[in-house]
Every structure is written in structure tokens, then in C-alpha cells.
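In: What would the 3D arrangement of this be:
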Amino acid sequence: MTILVLGINHKTASVALREKVAFSEEKRLLALNQIQQQELGQNAVILSTCNRTEIYLHNKNVSPQESEHLAEACINWFAEIHQLTKSELQNCLYLHQNHQAVQHIMRVACGLDSLILGEPQILGQVKQAYQMSEEYYQQQQIPLSSELSRLLQKTFATAKRVRTETNIGESAVSVAYAACSLARQIFENMRSLNVLLVGAGETIELVSRHLLRHGVKNLMISNRTLARAEMLIKKLEGNNIQALTLEQLPLGLNQADIVITSTASPSVLITRNMVESAQQQRRYHPMLIVDIAVPRDVEESVNELDAVYHYTVDDLHNIIQRNLSEREKASRQAEQIIQQECDDYFEWLKVHQFSALIRNYRDNAEQIRQQLLEKSVQSLQQGESAEQVLQQLSYKLMNKLIHSPTQAMQTMVKNGDAKGLRAFSTALGVEDTPPL
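Out: Model prediction:
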């Protein structure tokens, strides 16, 4: 049996190349069909995100020699479906088999192989990829192999264990997330707060999404270009989001409990006087100001004002650095959990494959018994001696049943498999096994 992972990710390839190997929904269906037709895998799961594209393949009854040819065929197919040459992919593709493949899948789902260590979104993306494959094979009336299905379910359980038993996802490791974490530490309930965001770029968009996810209801976005602020509001699809110009900043400050700013302005936008005036209007209720901009948007001396919590991008980077250290500690715990779960999966696989072997062996023996019994009944009906028929039946049945085990013993002798021969001898009740 072979479990194979073929992939490309943010560590091995540029964004330009990752874009070329991304799978749309239509292309994913085409790929699953081609994998089936070209016999590259009994089943497959295709994971395609902005940071990685990976194919998880399962094949039964593949010898080590065939496994090498299979890997080469998969690489050729991958290049062909994306209309790329093998040389373009040569230094970017990675390929893992069996134990390494299982470890890799689990590490991916747990966020240990992500651009941001421990990020949780990847688990949902792996689940979605698995669900898409399940739906495809159901429509094709092809059973999803128990080995691949068990592997993915085991992977999801492992990711849950890592989230529960370690602090891998506890600490903020992005500027946007760190800013929102600060807000949650200072204010107990985010729902009733007024938040003013200054800027309309990528960082402010990420901050907005974090805040909305944590229940913020009243959001103001102030930007030099009002149209850009309105465009961001449209993207966010949130209610109670108000667009302001920079000239309206004092109005926003008068209402804001939290101010997060990230613009490309060359000069200060929020002065000490503006914040002091706003605090008088707000009766000196606590105000959090997070200035992510470089150069800074907020005058440094605002931190001297009563009830104002002022943080700069340097403060956030210090928080992030500490949190990264915490996540790295947690990742070492996570690796141990993954190793345990990986070993557990392969133990299950051994039992599963052994059970299938025993079942096939018994089915074969039953088939032999039925065939010989039918011939014996025919001989009796034709008037042959019952004793002679029984002698022939028992002799032929013995020869047929011991033929395969005898061949297996001969193979073990040729290969010098002393351990296997000893186990075989013990099962037969033979005490002395001749030395090889």
C-alpha cells in the first residue's frame, strides 16, 4: 500500500508559481477524474489554498518498485494538468510517501507547516478538500478507501487534540490579530464599544474582520479617500459601519473607545490636542489607541493623557515575538502528539490489512472446499466407492490448503526471514526451526 503526498507550498515556490498550480472547482473535478483514469490513485484528496497545493493519494497493492514509477507518473501528470514543464517544478515540488506522508498531512492540518505557525484556518480547508472528494466519489459510485478515509478522520482528531492540549493557537502572531487581542484584554465586552479605524488598506481590512468576528457592532472607517473606505465597507458586508473622511476624524475620536490606525501618511494625523478634546467629550472613559503605521499616525505624547492606552507598532512586534516563542514551545508538544497519532494510525493499518488477509485466505479455502465437495458428490452419485471418494477428497483438500503456506515458507527461507519462520513454526506447534 502507498499513501503519497505531492505538493508545492509557500516555502518552496513563489506566489507567481503557486497561482499557476491552484485548482479551481472545475479543475479539481477534472483532476480527480484523470487520477482515476490514469490509475494514479485509488482515491485522492486535493488541497488548494493561497499558500499550498497538495494532492493526497492512496493506492493498494503497490510494490516498492511500482511505487517509484507511480511517483514519477504523478509528477508528470501534475506538470501536464497545469501546462508546466517538469523543469519549472523541479526545485519546488516535494513528494512524501507512507509514514512521512501521514506525518505531513497531520502537520499541515495542525498549522505546523503554515506561513503563520498554528493558524487555525488550514484545518477547515483540509476538511473542505476531503468533503469535496467524498462528494465526487459518491457521484461516481466509487467507494472511498477505508485507509484514506481513516487517515483524514485521524488527522482531524489529531488537530483537535493539538488545539485542546497545547497553546498553539492562543497567542497573537500577526499585527492585526495582536491589535485585536490588546483590545480584548482591556475591554471585557467588545459588543457595546465604538471602534474607529483609520486607513483602508490590507492591515485595516484584517483588523476589521477580526473585530467583527469578536462581536464589534459599531465600526467607523476613516480614510483620506472616502470612496476607498466605502469600498472596504462593502467588502466587509457588515451592518453599522460608517465611512468618515480624515477631516471628520475629531468626530470619530469623540465617540471611539478603540482607535486603530494604519495609513501611509508622512505626517501625524491624530494629535495630542485632538485626543485630549475627545477625552473631555467622553468623560475620560478608557480609550485604547493602537498605532500600526510607520511613520506613526499618532502623536507620541498622547500616552501621557489620563485613561489613554497607547501602543505603537514596536509594542505589537514585541508582543508578537513573545507569542511566537510561546507557539514554538507549543509546536514541540504538537509534534509529539502527531507522532503518537501517526504511530496509532499505522498500528490500525497493520490490523486492518491483516484482517483483510485472513478474510481473503478463509474465503479462498472455502472456495476450494466447495469445489472439491461438488466433485466428490458427483463421484458418489456415479457409484464410486465412498471410502475411495473420501480418501481422494481429504488428500486433495490437504494439498490445496497447504500449497500457499508452503510457498510462503519457501519464500521466507530464500529471503532469510528467520523471524517469520519462527512465528510460522510456533503457529504449527513445531518446536525446532532449522537455522538459516
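In: Going by C-alpha atoms from here, please, whenever you check contacts or count neighbours.
Out: Will do.
In: I would like the residues contacting stretch 291-308, please.
Out: With contact meaning Cα atoms under 8 Å, 6 or more residues apart in numbering, stretch 291-308 is reached by 175, 260-272, 275-276, 284-289, 309-313.
In: I misspoke; the intended subject was stretch 42-58.
Out: Stretch 42-58 has contacts (Cα under 8 Å, 6+ apart) with 1-10, 15, 18-19, 21-23, 28, 32, 35-36, 40-41, 59-60, 114-115, 125-126, 129-130, 133, 144-145, 147-148.
In: Same question for stretch 18-37.
Out: Outside of stretch 18-37, the residues that reach it under the criterion Cα under 8 Å, 6+ apart are 8-10, 41-44, 46, 48-53, 81-82, 133, 136.
In: same thing but at 10 Å, please
Out: Stretch 18-37 is contacted by residues 7-10, 12-13, 39-55, 57, 74, 77-79, 81-84, 89, 92, 129, 132-133, 136-137, 140 when judged by Cα atoms under 10 Å, 6 or more residues apart in numbering.
In: Check the model's average confidence along it for me.
Out: Model confidence over stretch 18-37, given as mean pLDDT, is 94.
In: just to revisit the earlier point, buried members of the contacts of stretch 18-37 into ChimeraX, please.
Out: To isolate the buried subset of these in ChimeraX, counting by 16 or more other Cα atoms under 10 Å, use the following:
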select :7,8,9,10,13,40,41,42,43,44,45,46,47,48,51,52,53,54,55,57,74,77,78,79,89,92,129,132,133,136,137
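In: ok, now how distant is Lys400 from Leu373?
Out: According to Cα to Cα, to the nearest Å, Lys400 and Leu373 sit 13 Å apart.
In: Mutual contacts of the two, please.
Out: With Cα under 10 Å, 6+ apart, Lys400 and Leu373 have common neighbours Ser394.
In: what sits against the closest residue to Ser277 other than its chain neighbours?
Out: With Cα to Cα, 6 or more residues apart in numbering as the criterion, Ser277 has its nearest non-adjacent residue at 7.8 Å, and that residue is Asn254. By Cα under 10 Å, 6+ apart, Asn254 lies in contact with 194, 196, 274-282.
In: Inside strands: which ones of these?
Out: When DSSP state E defines the strands, the subset of the contacts of Asn254 inside them is 194, 196.
In: Helix, strand or coil: sort out the residue sitting furthest away from the middle of the chain for me.
Out: Here the chain has its C-alpha centre computed as a mean, and the residue farthest from that point, by Cα atoms, centre = their mean, is Gly383 with 69.5 Å. The three-state label given to Gly383 by DSSP: H, G, I helix; E, B strand; the rest coil is coil.
In: ranking the contacts of Asn254 by neighbours, who comes first?
Out: Counting by other Cα atoms under 10 Å, Leu196 has the largest number of neighbours within these, with 28 neighbours.
In: Can you give me every residue that contacts it?
Out: Going by Cα under 10 Å, 6+ apart, Leu196 touches 208, 218-222, 241-244, 249, 252-261, 289.
In: Any figure for the gap between it and Trp77?
Out: Counting by Cα to Cα, the gap from Leu196 to Trp77 is 51 Å.
In: before we move on, what about Thr271?
Out: Taking Cα to Cα, one finds Thr271 at 60 Å from Trp77.
In: Just the ones of the contacts of stretch 18-37 in strands?
Out: Among these, the members that lie in strands (by DSSP E) are 7-9, 43-48, 52-55, 57.
In: confidence score at the residue nearest to Ser277?
Out: Per-residue confidence for Asn254 comes out at a pLDDT of 96.
In: And the helices in the stretch 301-436 of the chain, which stretches?
Out: Using DSSP state H, counting those that start in this stretch, the helices of the stretch 301-436 of the chain run over residues 313-381, 386-415, 418-428.
In: Just send these back as CSV, with mean pLDDT too.
Out: What follows is the helices of the stretch 301-436 of the chain, written out as CSV (pLDDT from 0 to 100):
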stretch, mean pLDDT
helix 313-381, 85
helix 386-415, 82
helix 418-428, 76
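In: Rebuild those helices as CSV, extending it with mean neighbour count.
Out: CSV is the format used below for the helices of the stretch 301-436 of the chain (neighbours: other Cα atoms under 10 Å):
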stretch, mean neighbour count
helix 313-381, 15
helix 386-415, 13
helix 418-428, 14
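In: So Met220: helix, strand or coil?
Out: When classified by three-state DSSP, Met220 comes out as strand.
In: Now do the contacts for it.
Out: With the criterion set at Cα under 10 Å, 6+ apart, Met220 makes contact with 194-198, 208, 229, 233, 240-244, 249, 252-253, 255-256, 259.
In: Tell me the spacing between it and Ile260.
Out: If you go by Cα to Cα, the gap between Met220 and Ile260 works out to 10 Å.
In: so what sits against both of those two?
Out: Going by Cα under 10 Å, 6+ apart, residues that sit against Met220 and also against Ile260 are 195-198, 208.
In: among the residues you listed, which two are most distant?
Out: Greatest spatial distance in the shared contacts of Met220 and Ile260: Val198 and Ser208, 10.8 Å, computed using Cα to Cα.
In: Centroid-nearest residue for this structure?
Out: When the chain is reduced to its mean C-alpha position, the closest residue under Cα atoms, centre = their mean turns out to be Ala109, at 2.7 Å.
In: who are the neighbours in contact with that residue?
Out: Contacts for Ala109 were tallied using Cα under 10 Å, 6+ apart; they are 118-127, 152, 155-160.
In: repeat that with 8 Å
Out: Counting by Cα under 8 Å, 6+ apart, the residues that Ala109 touches are 122-123, 126, 155-156, 159.
In: do the same with Arg362
Out: Neighbour list for Arg362: empty [criterion: Cα under 8 Å, 6+ apart].
In: Quickly note the distance from it to Leu117.
Out: When distances are taken as Cα to Cα, Arg362 and Leu117 turn out to be 50 Å apart.
In: Please identify the buried residues of stretch 164-183?
Out: Applying a neighbour-count criterion of 16+ other Cα under 10 Å, the buried positions in stretch 164-183 are 166-169, 171-180, 182-183.
In: and those residues, which of them are in strands?
Out: Among the buried residues of stretch 164-183, no member falls in strands (DSSP E).
In: Please list all residues in contact with Val162.
Out: Residues near Val162 by Cα under 8 Å, 6+ apart: 110, 168, 334, 337.
In: quick one: which of these is nearest to Gln353?
Out: Distance to Gln353, by Cα to Cα, is smallest for Ile337 among the contacts of Val162, at 24.3 Å.
In: So that closest one versus Thr155, what's the distance?
Out: Counting by Cα to Cα, the gap from Ile337 to Thr155 is 11 Å.
In: now swap in Glu147 and tell me
Out: Counting by Cα to Cα, the separation of Glu147 from Thr155 is 12 Å.
In: do the same with Cys92
Out: When distances are taken as Cα to Cα, Cys92 and Thr155 turn out to be 25 Å apart.
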